[in-house]
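**Q** Take a look and give me a structure for this.
(one chain, ligands or ions: 1)
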Amino acid sequence: MTRRNSFSKPITNPSRVIRFFYDHPSSSRAQAARELGLTPAAVTIITSRLIKLGVLTESSEASASKNGRAVGLSVDATKYKVIGVKFARSRIELGVFDIGGNLQTHHVFPPAADTEATESLHAVREKVRALIAEDHSILSVGIAVPGPYLRNLGRLAIMTNMPAWRSINFKDEFETAFSVPTIIEQDARAGALAQSLFDPTSDSASLAYYILGEGIGVGIIENGVLINGQQGAATEIGHISIDVNGPTCECGNHGCLERYCSAISIHRTLVANYPHLVPNAAELTHSEAVTQLCALADNGNPEARGFVKEIGRYVGYGCVSIINAYNPHHIIMGDILAAGGQLLLDSVNAVVEERVLPDLRKSTTITLSQLPADPILSGAAAAAIDHLLRNPSEFGK
Ligand SMILES: [Zn+2]
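**A** Prediction:
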């Protein structure tokens, strides 16, 4: 049996009401009715049930109340929890989050070699089962996996450097493994969900989460809905060619963006071309090597600054394609390369300034992620929370 993609389900009124209060805490029932085009009576019936379940709580007076007497409602973040699991090439992490997206406990699994994929999956399943057994307020599990992820089939199309993971079917391994619903999401899309749910400065209707980690990808939310593509593998910006004669990529294309600015590629270039910058770079993980490079740049090392600026230009070429292809209002960059900070951002913006039509450029904001936790781990949790918000009946089970 194939579970339908949660984003294709029709949006019910209870789900719209709960999302409204999630996005607009301390609003009144009247405000919700107006915004959603529902009758006040309908909103009252829905909110009464959600209050009974402990999902909504009556807070202070409504924030924009004119007469000062309306009661504000907010989602009670503390009563229910979800588990987020992040599969990255060299790291598997798990977090228990409240439904407000706040990380409660964090667990890092031992590093998994390519050959240990089956053992790693077993360890994750056992840990999740144990957590659910001891805490009945955990209502769903979200799993973030690297792209390209063939969502409909449940497996990764490629995983650079780690071919064994390609044969794993995440749907088979996880979708019915637990007593609560499990949502599997590609990492960049999970990050986009996290930005949309947890970062009040994001435009949740039109945003791109541009993941700059061991791989490069983007998750696009358009009109509040994620773009998936027919096989669920759309928006793989890391595999657009920025040099048609460039080096071959495992995907079959040449000169893919991620050959130039993923943490894996940067790490390789650092070891080969800048051996004196981070002397022990070869022994570090990709993340550690890139983080150290960015720290050197931050401390003013001219060579490191030059390298980070150059990386920023490649990231910028990706931004140009994101803007031309999807025209999002807000591009949020996150993951390992976010350590490049303002220096990286300035370099990205310079490329966008040079290469994007002025009308498009002016209407696009590019920022670094401000989420306190890892956006992909948060994203895994966001996929689980998004499922609950779209299916509020899960709260009553
Ligand atoms: Zn490629």
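**Q** pLDDT score for Asn161?
**A** At Asn161 the predicted local distance difference test score is 63.
**Q** Skip the chain neighbours and tell me the closest residue to the closest residue to the ion within the stretch 101-250 of the chain.
**A** Across the stretch 101-250 of the chain, no residue is closer to the ion than Cys249, which sits at 3.0 Å (CB to the ion). Bear in mind the C-beta positions are built from the backbone N, C-alpha and C, glycine included. In this structure, Cys249 finds its nearest non-sequential neighbour in Cys256, 4.0 Å apart by CB to CB, 6 or more residues apart in numbering.
**Q** same thing with Pro40?
**A** Ala33 (4.6 Å).
**Q** Can you say which helix or strand has the one you found in it?
**A** Element membership for Ala33 (DSSP states H and E) is helix 29-36.
**Q** so whichever helix or strand comes after that helix versus helix 29-36, what angle?
**A** Using DSSP H and E, the helix or strand that follows helix 29-36 in sequence is helix 40-52. Angle between the axes of helix 40-52 and helix 29-36 is 120 degrees (criterion: axes from the mean of the first three to the mean of the last three CA atoms, to 10 degrees).
**Q** Give the buried residues for helix 40-52.
**A** Ala42, Val43, Ile46, Thr47, Arg49, Leu50 (16 or more other CB atoms under 10 Å).
**Q** Name the residues that touch that helix?
**A** The contact list for helix 40-52, computed with CB atoms under 8 Å, 6 or more residues apart in numbering, reads 13-14, 17-18, 21, 29-30, 32-33, 36, 56-58, 73, 392, 395.
**Q** number of nearby residues for Leu343?
**A** Residues near Leu343, counting by other CB atoms under 10 Å, number 17.
**Q** actually Phe395, sorry about that
**A** Phe395 has 20 nearby residues by other CB under 10 Å.
**Q** before we move on, what about Lys397?
**A** Lys397 has 9 nearby residues by other CB under 10 Å.
**Q** residues contacting it?
**A** For Lys397, the contacting residues are Leu139, by CB under 8 Å, 6+ apart.
**Q** mind giving me the domain ranges of this structure?
**A** 6-75, 81-194+375-396, 200-368 (automatic domain parsing).
**Q** most tightly surrounded among these?
**A** Highest mean neighbour count among the domains of the chain (mean count of other CB atoms under 10 Å): domain 81-194+375-396, with a mean of 21.
**Q** And the ion, is it touching that?
**A** No. For domain 81-194+375-396, no contact with the ion is found by CB under 5 Å from the ion; the gap never falls below 7.9 Å.
**Q** any weak-confidence spans in the stretch 51-200 of the chain?
**A** Along the stretch 51-200 of the chain, the parts satisfying pLDDT under 70 run over 60-69, 89-90, 112-115, 159-162.
**Q** So Val218: helix, strand or coil?
**A** Classification of Val218 by DSSP: H, G, I helix; E, B strand; the rest coil places it in strand.
**Q** how much space between the closest residue to it other than its chain neighbours and Leu270?
**A** Computed as CB to CB, 6+ apart, the closest residue to Val218 that is not its neighbour in sequence is Ile237, at 4.5 Å. Here the criterion is CB to CB, to the nearest Å. By it, Ile237 lies 23 Å from Leu270.
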